[in-house]
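K.L.:
Coordinates for the following, if possible.
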Amino acid sequence: MRVLHLHSSFAAGGKELRAARLMNAFGPAVGHTVVSAQPGAYGASVALDPALTVAYPQDFPSLQGRPGPLRLLRLAKAMRGFDLILTYNWGAMDAVLAHRLYGAMLGLPPLVHHEDGFNEDEAGGLKPARNRFRRIALARASALVLPSQRLEEIALKAWRQPRSRVRLIINGIKTSAYRDQPPANAVPGLLKAPGDLWVGTLAGLRTVKNLPRLVRAFAALSEDWHLVIVGEGPERGTIEAQAAACGLAGRVHLPGFVADPSRVAGLFDIFALSSDSEQFPISVVEAMAAGKAVASPAVGDVAAMVAGENRPFITPAGDEAALADSLARLAADGALRTAVGAANRARSLADYDEDTMIRAYRETYARALGRTAFP
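P.N.:
From the prediction side, this is the model:
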């Protein structure tokens, strides 16, 4: 079976690493072709099983550009020869439209679209023109997969998608992998010394994550606390500049991308987010599985994801002072961190194990193909 993946980006972020985990779960019976709308953004490939057959064509038509008829026709023709097309986020929406316009004429395979959230250009509100574009483009999709209740509501109301097309699949992880404490040197180039305490996050270094806000919220913590931001991306320089401006250059660490989050999440003493927009962030589930308390703005489904004991530390979106207060309260009370973390761990085991997620994706793709099983 040949599957074509058209990504807004295949850099190492939450949705991309989830896609990699699913590809691994489907095994070598499926061959994959992966295209990124952002040239060269293929960082998530390091998480793929080497036994898989994966191609990264350099001659695939660009997913970005004006959606004129000839360009869309070229995109549609490039989708021939596959058994299933999987598209991801706004950056692949031109391909979804091309499939709608030319799919029947060219005999294209079924398409399943995935929406995981919004970049900074829609973090403050949806754009009416994009809502209309999605409404039109998705009309021939076999399914629209969403990881959060908020996105499900947007799909049904703003994008006017029929209930039969919309599929809510909650993100899951291999929770058992987070049971054991990682070694102190698990983060490359960084050693957690005895007595050190870490506020940590797992995030692509992108504007929408607003990591300079996290640096400022962290700044008032005592000197035994360090901020460890695991991830990579274009905002590295901005984050480093904010750390220097706050006098924190020696206590803010950016070790880069780590392929296996289970190797590092257990080293955090508090997990924190500072994003302007999220939906159902996998990093929060990873922190919960590692038994960590979470301080975060109330973006997307975060407040509903965490255990009840953790909800007092989920603060109004955009309220930097409230986020700083949550960090300070958790930092001051080790017993509280332990109790909240234990409740999060129990919630993750009950609701967020990846076997349920993988089964739901298999069922969705099989249904699109008119089969009883996938692959």
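
K.L.:
hey, where'd the helices end up in the stretch 1-150 of the chain?
P.N.:
14-26, 69-78, 93-106, 128-137, 149-157 (DSSP state H, counting those that start in this stretch).

K.L.:
Pull the distance from the shortest one to the chain's centre.
P.N.:
Going back to what we said before, that points to helix 149-157. Relative to the centre of its chain, helix 149-157 is centred 17 Å away, using CA atoms, centre = their mean, to the nearest Å.

K.L.:
That helix vs helix 128-137, what angle?
P.N.:
70 degrees (axes from the mean of the first three to the mean of the last three CA atoms, to 10 degrees).

K.L.:
how about helix 149-157: buried residues?
P.N.:
Using 16 or more other CB atoms under 10 Å as the test for burial, helix 149-157 gives 150-152, 154-156. Where C-beta positions appear, they are placed from N, C-alpha and C, glycine not excepted.

K.L.:
Put together JSON lines for the residues you listed, with pLDDT on each row.
P.N.:
Below are the buried residues of helix 149-157 laid out as JSON lines (pLDDT from 0 to 100):
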{"residue": "150", "pLDDT": "90"}
{"residue": "151", "pLDDT": "94"}
{"residue": "152", "pLDDT": "96"}
{"residue": "154", "pLDDT": "95"}
{"residue": "155", "pLDDT": "97"}
{"residue": "156", "pLDDT": "97"}
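
K.L.:
want to throw the helices of the stretch 1-150 of the chain into a markdown table with distance to residue 295?
P.N.:
Converted to a markdown table, the helices of the stretch 1-150 of the chain look like this (distance: least, CB to CB, whole Å):
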| stretch | distance to residue 295 |
| --- | --- |
| helix 14-26 | 18 |
| helix 69-78 | 42 |
| helix 93-106 | 34 |
| helix 128-137 | 31 |
| helix 149-157 | 20 |
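
K.L.:
rewinding a little: any chance of the buried residues of helix 149-157 in JSON lines, plus distance to residue 202?
P.N.:
JSON lines is the format used below for the buried residues of helix 149-157 (distance: CB to CB, whole Å):
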{"residue": "150", "distance to residue 202": "21"}
{"residue": "151", "distance to residue 202": "21"}
{"residue": "152", "distance to residue 202": "24"}
{"residue": "154", "distance to residue 202": "25"}
{"residue": "155", "distance to residue 202": "26"}
{"residue": "156", "distance to residue 202": "30"}
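
K.L.:
Where does the prediction get shaky in the chain?
P.N.:
123 (pLDDT under 70).

K.L.:
the domain parsing of it - what is it?
P.N.:
2-172+354-369, 175-351 (automatic domain parsing).

K.L.:
Make sure residue 347 is actually in contact with residue 307.
P.N.:
Yes: using CB atoms under 8 Å, residue 347 is in contact with residue 307, at 4.4 Å.

K.L.:
Show the contacting residues for the residue lying closest to residue 151 once chain neighbours are set aside.
P.N.:
Nearest-residue entry for residue 151: residue 279, 5.2 Å, with adjacent residues in sequence omitted and distances by CB to CB, 6 or more residues apart in numbering. Residue 279 sits next to 116-117, 146-148, 150-151, 300-301 when contact means CB atoms under 8 Å, 6 or more residues apart in numbering.

K.L.:
do residue 222 as well
P.N.:
Neighbouring residues of residue 222 by CB under 8 Å, 6+ apart: residue 331.

K.L.:
That one should be in a strand, yeah?
P.N.:
No: looking at residue 222 with DSSP: H, G, I helix; E, B strand; the rest coil, it is coil, so not inside a strand.

K.L.:
what separates it from residue 269, distance-wise?
P.N.:
Distance of residue 222 to residue 269, computed by CB to CB, to the nearest Å: 12 Å.

K.L.:
Overlap of the contact sets of the two?
P.N.:
Contacts common to residue 222 and residue 269, judged by CB under 8 Å, 6+ apart, are residue 331.

K.L.:
Residue 254: neighbour count?
P.N.:
20 (other CB atoms under 10 Å).
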